[in-house]
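In: Just a sequence and a predicted model for now, questions to come.
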Amino acid sequence: MMRPEREPKLETRTYQATERGPEIDEAIKIFHQAAGIGFYEPLPEEKQWSNYLDLTYAQKMRFSLVFDTAAEPHSRHGADPVHTYGAFPGLINAGGKAPVPTHKISAVTVAPSYRRRGILSKQITADLAYAQQAGFPMAALTASEATIYGRFGFEPATYQTRFTLKCAQGVKLRVQVPGRVVDIDPKQFEAQYAALSVNALQQTFGSVDSTEYDDGFALGRWDTWESLGKPKNLRFAAYYDGDGQLGGFATYKFGGWDEPKAKLVVQKLVATSEAARIKLFEYLGNHDLVEEVHGQGPMGDPAAPCAGKRSRLPRAFHRRCPVAARSRRCCRLRSARLPA
């Protein structure tokens, strides 16, 4: 005789990472551990927890954990949450005169055995209602499975693609691009990078504002979010236009000699103009002994038509991946009274 399927008893606990305290610290740890498992990532090392706490508080993240209080004692979910959901305030360039305040959604996971129970639907519906009441005209998220969120009013806003620049014989541009590229010491560049990030947000449709993690990643303070370890062998370069104004920045590293082809990997590239982006890739593609530059950027990358016969830049090397999704709800939310 088959045992009837056990009905979970779900309990949602929501926290706001604004004022530090032991309870919130512990909830943040549980949140990031569960989210890491949901995205198949390694668990953070104990020595990195102070960074995770600092960054979560810096984001002013509002996050929810859903627990099954009836889970079997031997189940991982006897103590761990079955669902994680985070959101924090930010900005997005929606094509207007100024960036739009945006409710940025992140770290959405549901444990495999708890899917198709309406957990995400209930959570995101409540969260979007909170965002509307808080006065946000738009909500955004990054998703590789964007169709899941269509029923909640989201649609693609912008895309990014990964590509490979073939540069075994260097890069020769078809047109002369003004400006110069300079090697940078990131420790001396924090203020300039912060100003560049703001300028790039204002100039780039579909872009979102930079978080403290993004800034630290670009300037080499830590590696990926999964580890937050100290990166090795990073290099930094900045582009200045013909008038000497800062217009772009790139963080990159050598991919190693064990690969079939020697390559540079671009970790972060910020540009306020097509000229800045093209000039930075010209600089990267002309490194000695390097045969490829691996990077990512907008669809229809402006560097492509400027690459000469000696270099080749596919416009869409991999499947397109949505970078952000804006909510159709924003049309309705705009009709609400916004704070002055």
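Out: Done, it's in.
In: Next one: P99 from T158, what distance?
Out: The gap separating P99 from T158 is 14 Å, by Cβ to Cβ, to the nearest Å. The C-beta positions use only the backbone N, C-alpha and C, and glycine is treated the same way.
In: what's near enough to touch A35?
Out: By Cβ atoms under 8 Å, 6 or more residues apart in numbering, the residues touching A35 are T84, G86, A107, T109.
In: Let me know the secondary structure of the first one.
Out: What DSSP: H, G, I helix; E, B strand; the rest coil gives for T84 is strand.
In: what do you get for the last one?
Out: Using three-state DSSP, the three-state assignment for T109 comes out as strand.
In: can you count the residues close to it?
Out: 18 (other Cβ atoms under 10 Å).
In: next one: the first one
Out: When neighbours are counted by other Cβ under 10 Å, T84 registers 27.
In: So it is in contact with T109, correct?
Out: Yes. Assessed by Cβ atoms under 8 Å, T84 is found in contact with T109 at 4.8 Å.
In: Need the residues touching each of those two.
Out: Here T84 and T109 have A34, A35, G38 as joint contacts, going by Cβ under 8 Å, 6+ apart.
In: now those residues as TSV including distance to D127?
Out: Listed next are the shared contacts of T84 and T109 as TSV, based on distance: Cβ to Cβ, whole Å:
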residue	distance to D127
A34	17
A35	15
G38	17
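In: so who does A71 touch?
Out: P8, H77, G78, V82.
In: Skip the chain neighbours and tell me the closest residue to the second one.
Out: When you say that, I think you mean H77. The shortest distance from H77 to any non-neighbouring residue, by Cβ to Cβ, 6 or more residues apart in numbering, is to A71 (4.2 Å).
In: isn't there a helix covering that neighbour?
Out: No. Assignment of A71 by three-state DSSP gives coil, placing it outside any helix.
In: For it, give me phi and psi.
Out: phi -70, psi 150 (degrees, to the nearest 10).
In: Just to check, F163 is in contact with E292?
Out: No. Judged on Cβ under 8 Å, F163 makes no contact with E292 at a distance of 10.2 Å.
In: and E41, how far is that from Q33?
Out: Where Q33 is concerned, E41 sits at a distance of 10 Å (Cβ to Cβ).
In: no, scratch that, I was asking about S207
Out: In terms of Cβ to Cβ, S207 sits 30 Å off from Q33.
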